[in-house]
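S.K.: have a look at this prediction, sequence included:
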Amino acid sequence: MQDYPLLETLNEQQREAVLHTGTPLLILAGAGSGKTRVITTKIAYAVDCLNVLPKNIAAVTFTNKAAREMEERLHRMTHNAHGVTIKTFHSFGALLLRQYGHAIGISPSFLIYDESDSLALIKTGYKKKFPNNKIKMFYNDIMRCKDLCISADGDLEQVNKSSHFHEIYSYYETRLRNTGNLDFGDLIMKTVELLQSSPQIREAIQSRYTMILVDEYQDSNVAQYLLLQELFTQQTELCVVGDDDQSIYSFRGAEIANILSFQDHFPGTCIIRLEKNYRSTRHILEAAGAVVSCNNSRLGKTLISVKGEGEKLQCVILDNHEAEAMYCAKLYDKHPNMETAVIYRMNSQSRAFEEVFTRYGIPFVLVGSLRFYEREEIKDAIAYLNLFVNPLDEIAFRRIVNKPSRGIGAKTIETILSFPGDTGGNVLECLAESLSALSKRARAGATGFLEQFSILADSLGSLSTAEFIRNVIFRTGLFDYYREKDVREGTAKCKNLDELVNAGIAFASGSESLAAFLEGTMLAAPEYETPPGNRIMLITAHNTKGLEFDRVIITGCDDGVFPVIRDFEWGGIDPGAVEEERRLFYVAMTRAREKLILTTAVRRLLFGRWSNSTPSRFLQEIPSQHIETVNLSIQKNMGDTLYKKGERIFHDDYGYGFVLGSAIQEHREIVTVRFDTGKTMKLYPQYTSIVKINDEY
């Protein structure tokens, strides 16, 4: 089958990866090396040439965007791939649990709790005992345990040594099981438990999925590795694709050891390196490669550009964060047609860019704002919908039984939920049982709630999911409640509710379709696309994974900012944290196609204080032949003043003004400004937000 047409589009290493069979395969795919093409071609080749049935193939990745892209590419390649399972890890776990979870007591109609739901559940027992930040810490550690496949009865000290942790974890698990729902950690951990405890089910699933492919394997955690082990047999065609140099999510539980030790856990593994890069120029790749090669924990690869030499990198030295933002604004003005990303290490760094770009009318997109499904009005609507699928969902009930207000306060809710009787935890039956114990106002509100709920439930089987969502939003009073908020606060919450209705259009009628829709909302991850048009994307280094731009400006290249770890902290920090910072810097560098600029500041305002900065050690790891330095700091020549008499300036606090004079005093420039308000002040440009107003900004 060497003449298979799709093989002709691949380079030698890609073709070798597609044709490999018989033993586990680890594909080390460097940035921009065409890994998605390899995965999809490997699947197409299997169904077209090796007669592998589509239903026997499972491909898992980490984001919905990646799964969609993989599926779309595959179906463009071949018409024979319908039936291939292409999902995220969590969606794949949910699929198996809905099919087989009954064997370990999981209802197929389970809903998925997100962070806010889980926190609310813990607070039902510990709100008075611990502050919110402490409860959040316990929740994070519970999720960490689940990433490690550690149950509430397991060895918890490796995660949290608190004497309260076992009690809280056990309480949370009991309450979660009583609702009939799962959280995100359960989707993998419970699947592992299912496979380990039910040999017949494990064998059935292993027989079903004889070919398994995993994308972005460097981002896998312990639970996902254990899931893969349970699915694997000597007959399984196993292929994982990843890049150890792009492992940047340890804070989410990712274990770089999974990819570094893959060949130890799966004997006979063949390793193929994809080293031809189709994205970036030679200077960018060799500079990035030199930086990441300083890490010890890596398997190693050398990326080779097919695009040619390109421009050298630029290291630009600026005075402070304001000057940094102004520099980026000027770059946009000179080349507005270049697709540009301004990358920073911490979200807090975006403020200066937002202010300067807004001031000068520069279009930008800020990545990292609140996700659609995390908005208050959307979570309220979804809580209503959850109760139609799972009437045991206490957290959904607590959220919406008094929204809009029905005279049912917090104490009344506790009274309602103390009426379990023979309800089996059904919160709607608890509400009905408790009516006689409620105040007149609360009883009226509860009765109206139950009546509306019954009418809506009767329509669930006859309406499409979108029509049902629309009915719920209007009949419960949620739309009117947020319409009043929109008028009062100038928000657009009703438009978001409209969009939720639109999201349900692809789903048919009935509770199963509604459950599928709700699962999709919970498993939806933030996905960042390059914004259309000539706009700058403001984005953290973590969020750039999978994206690429013509021009990239990595800002804040100072020790203590990027890397976020300072020198004096390193002694008490795991060296692995330093290496991850370096990998993150490498990821940011390899987003650039044509031009890469790195900015560093002489002084920077951090945590409300000005301090002298030291250029990032990562800059020093870039060979001199790949980078040139541009010093735009006014401190490079302190004999000259930056501000001249008569120049117009702008200050964030005092507004517009003009310079009366400027002089160097004790190696610092001091500017005398008369503001349009009539106020005259002496200012140090290095330490305050003062910018020139002229044709060039």
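M.R.: Right, received. Where do you want to start?

S.K.: and the closest residue to Ile104 other than its chain neighbours, how far from Leu96?
M.R.: Nearest residue to Ile104 in three dimensions, chain neighbours excluded: Leu194, at 5.3 Å (CB to CB, 6 or more residues apart in numbering). No exception for glycine: its C-beta is placed from N, CA and C like everyone else's. For Leu194, the distance to Leu96 equals 7 Å [CB to CB, to the nearest Å].

S.K.: neighbour count: those two, which is higher?
M.R.: A count of neighbours by other CB atoms under 10 Å puts Leu194 above the other of Leu194 and Leu96, at 24 against 21.

S.K.: in which helix or strand would I find that one?
M.R.: Using DSSP states H and E, Leu194 sits in helix 184-197.

S.K.: now do the same for Phe138: its pLDDT.
M.R.: Phe138 carries a pLDDT value of 93.

S.K.: burial of Asp558, as a residue count?
M.R.: 25.

S.K.: bridged to it, which residues?
M.R.: Pro615 (DSSP bridges).

S.K.: repeat for Leu182
M.R.: Under the criterion used here (DSSP bridges), Leu182 is bridged to Ile112.

S.K.: so what's it up against?
M.R.: By CB atoms under 8 Å, 6 or more residues apart in numbering, the residues touching Leu182 are Leu97, Ile106, Phe110, Leu111, Ile112, Tyr113, Leu176, Lys190.

S.K.: what about the fifth one, distance to Ile150?
M.R.: Translated: Ile112. Ile112 sits at a distance of 20 Å from Ile150 (criterion: CB to CB).

S.K.: now Lys65
M.R.: Taking CB to CB, one finds Lys65 at 30 Å from Ile150.

S.K.: for Asp114, same thing?
M.R.: As judged by CB to CB, Asp114 and Ile150 stand 21 Å apart.

S.K.: Asn347 now?
M.R.: For Asn347 relative to Ile150 (CB to CB), the value is 30 Å.

S.K.: so between these two, which is more surrounded?
M.R.: Ile150 (19 against 15).

S.K.: which SS class is that one?
M.R.: Here Ile150 takes the coil state, with states given by DSSP: H, G, I helix; E, B strand; the rest coil.

S.K.: show me which parts of the helix or strand where Arg443 lies are buried, residue by residue.
M.R.: Secondary structure assignment for Arg443, by DSSP H and E: helix 440-459. Buried positions in helix 440-459, judged by neighbour count with 16 or more other CB atoms under 10 Å: Ala442, Arg443, Gly445, Ala446, Phe449, Gln452, Phe453, Leu456.

S.K.: ok, stretch 174-184 next?
M.R.: Using 16+ other CB under 10 Å as the test for burial, stretch 174-184 gives Arg175, Leu176, Thr179, Gly180, Asn181, Leu182, Asp183, Phe184.

S.K.: then stretch 494-509?
M.R.: Cys494, Asn496, Leu497, Leu500, Val501, Ala503, Gly504, Phe507, Ser509.

S.K.: and which of the residues you listed is nearest Val691?
M.R.: Nearest to Val691 among the buried residues of stretch 494-509 is Asn496, at 36.1 Å by CB to CB.

S.K.: looks like that closest one contacts Arg375 (just checking).
M.R.: Yes: in this structure, Asn496 is within contact of Arg375 by CB atoms under 8 Å, at 5.8 Å.

S.K.: quick one: name whatever helix or strand follows the lowest-mean-pLDDT helix or strand in the chain.
M.R.: Ranking every helix and strand in the chain by mean pLDDT, DSSP states H and E puts strand 609-612 at the bottom, with a mean of 67. Downstream of strand 609-612, the first helix or strand assigned by DSSP H and E is helix 617-620.

S.K.: Ser662 belongs to a strand?
M.R.: Yes: assigned with three-state DSSP, Ser662 falls within a strand.

S.K.: so it makes contact with Val673?
M.R.: No: Ser662 is not in contact with Val673 according to CB under 8 Å; the separation is 9.2 Å.

S.K.: neighbour count winner among those two?
M.R.: Val673 (23 against 20).

S.K.: could you look up the SS state of that one?
M.R.: strand.

S.K.: I'd say it and Gly657 touch.
M.R.: Yes: the pair Val673 and Gly657 qualifies as a contact (CB under 8 Å) at a distance of 4.6 Å.

S.K.: how about the helices in the stretch 501-650 of the chain?
M.R.: Here the stretch 501-650 of the chain has its helices, by DSSP state H, counting those that start in this stretch, at 511-523, 575-589, 617-620.

S.K.: make a markdown table out of the ones you listed and add distance to Met143, mean pLDDT and mean neighbour count.
M.R.: Converted to a markdown table, the helices of the stretch 501-650 of the chain look like this (distance: least, CB to CB, whole Å; pLDDT from 0 to 100; neighbours: other CB atoms under 10 Å):
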| stretch | distance to Met143 | mean pLDDT | mean neighbour count |
| --- | --- | --- | --- |
| helix 511-523 | 15 | 86 | 19 |
| helix 575-589 | 19 | 92 | 21 |
| helix 617-620 | 31 | 92 | 18 |
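
S.K.: could I get those helices in CSV, plus columns for distance to Leu438?
M.R.: Formatted as CSV, the helices of the stretch 501-650 of the chain follow (distance: least, CB to CB, whole Å):
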stretch, distance to Leu438
helix 511-523, 29
helix 575-589, 54
helix 617-620, 63
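
S.K.: Asn277 is nearest to which of those helices?
M.R.: helix 575-589 (12.1 Å).

S.K.: who are the packing partners of that closest one?
M.R.: When contacts are defined as 3 or more CB pairs under 8 Å, 6 or more residues apart in numbering; DSSP states H and E, helix 575-589 sits against helix 282-292, strand 549-554.

S.K.: with distance to Ser163, mean pLDDT and mean neighbour count as added columns, please give the ones you listed in JSON lines.
M.R.: Putting those into JSON lines (distance: least, CB to CB, whole Å; pLDDT from 0 to 100; neighbours: other CB under 10 Å) gives the following:
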{"stretch": "helix 282-292", "distance to Ser163": "42", "mean pLDDT": "96", "mean neighbour count": "23"}
{"stretch": "strand 549-554", "distance to Ser163": "44", "mean pLDDT": "96", "mean neighbour count": "23"}
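
S.K.: burial of Phe397, as a residue count?
M.R.: By other CB under 10 Å, 24 other residues sit near Phe397.

S.K.: in contact with it, which residues are there?
M.R.: Counting by CB under 8 Å, 6+ apart, Phe397 has contacts Ala383, Leu387, Ile413, Leu417, Val427, Leu428, Leu431.

S.K.: ditto for Gly678
M.R.: Per CB under 8 Å, 6+ apart, neighbours of Gly678: none.

S.K.: A helix includes it, no?
M.R.: No: assigned with three-state DSSP, Gly678 falls outside any helix and is coil.

S.K.: for it, phi and psi?
M.R.: Dihedral pair for Gly678: phi 100, psi -10, per degrees, to the nearest 10.

S.K.: also Val316?
M.R.: The phi and psi values for Val316, taken as degrees, to the nearest 10, are phi -110, psi 120.

S.K.: my guess is it contacts Ile597, does it?
M.R.: Yes: the pair Val316 / Ile597 is scored as a contact, 6.1 Å apart, by CB under 8 Å.

S.K.: for Leu366, name its beta-bridge partners.
M.R.: In this entry, Leu366 is beta-bridged to Leu538, by DSSP bridges.

S.K.: that one: how many residues sit nearby?
M.R.: The tally of other residues near Leu366 (other CB under 10 Å) stands at 14.

S.K.: contacts only, for it.
M.R.: Contacts here follow CB under 8 Å, 6+ apart; on that basis Leu366 touches Ser350, Glu354, Leu538.

S.K.: so the first one sits against Asn543, correct?
M.R.: Pointing back at Ser350 there. No: assessed by CB under 8 Å, Ser350 is found out of contact with Asn543, at 11.3 Å.
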